[in-house]
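> Output the structure for:
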Amino acid sequence: MVAVVLSLVIAFLLGGSLWLIAGSRLPLNPDKDVNEVLNLVAYVGSALVPVFLAVLFLLDRG
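Predicted structure coming up:
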């Protein structure tokens, strides 16, 4: 359970940072406000799997 929560927090921080740096570059919706939220969700979702695997690997080593 700790790995899931830690992974979600780190993925949200990485995805949010990437969204602040890159911006809303993915045209997912014609509405600007909805597009920004969907881009944030896409960035967090794309960071979630590698972060989860890294957290599990690091917790297993310890």
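
> Determine the set of other helices and strands touching the helix or strand where residue 3 lies.
Assigned by DSSP states H and E, residue 3 belongs to helix 2-22. Using 3 or more Cβ pairs under 8 Å, 6 or more residues apart in numbering; DSSP states H and E, the elements in contact with helix 2-22 are helix 32-61. Any C-beta I mention is one placed from the backbone N, CA and C, and that applies to glycine too.

> what inclination does the helix it packs on have with respect to helix 2-22?
140 degrees (axes from the mean of the first three to the mean of the last three Cα atoms, to 10 degrees).

> sorry, back to before: other residues contacting the helix holding residue 3?
Applying Cβ atoms under 8 Å, 6 or more residues apart in numbering, the external contacts of helix 2-22 come out as 39-40, 43-48, 51-52, 55-56, 59.

> buried subset of those residues?
Buried subset of those (neighbour count, 16 or more other Cβ atoms under 10 Å): 39-40, 43-44, 47-48, 51-52, 55.

> Any stretches of the protein with poor pLDDT?
62 (pLDDT under 70).

> Check whether residue 29 sits in a helix, strand or coil.
coil (DSSP: H, G, I helix; E, B strand; the rest coil).

> correct me, but residue 35 touches residue 28?
Yes: the criterion here is Cβ atoms under 8 Å, and residue 35 meets it with residue 28 at 5.6 Å.

> ok, back up a step: off-centre distance for the helix holding residue 3?
4 Å (Cα atoms, centre = their mean, to the nearest Å).

> Okay, buried residues for it please.
6-7, 10-12, 14-15, 18-19.

> what do you get for stretch 22-42?
24, 35, 38-40, 42.

> now, among those, which is nearest to residue 1?
Taking Cβ to Cβ as the measure, residue 1 sits nearest to residue 40 out of the buried residues of stretch 22-42, at 24.7 Å.

> what's the nearest residue to the closest one if we skip its chain neighbours?
residue 19 (4.9 Å; Cβ to Cβ, 6 or more residues apart in numbering).

> and that neighbour, how far is that from residue 44?
Look at residue 19 and residue 44: by Cβ to Cβ, to the nearest Å, they are 8 Å apart.
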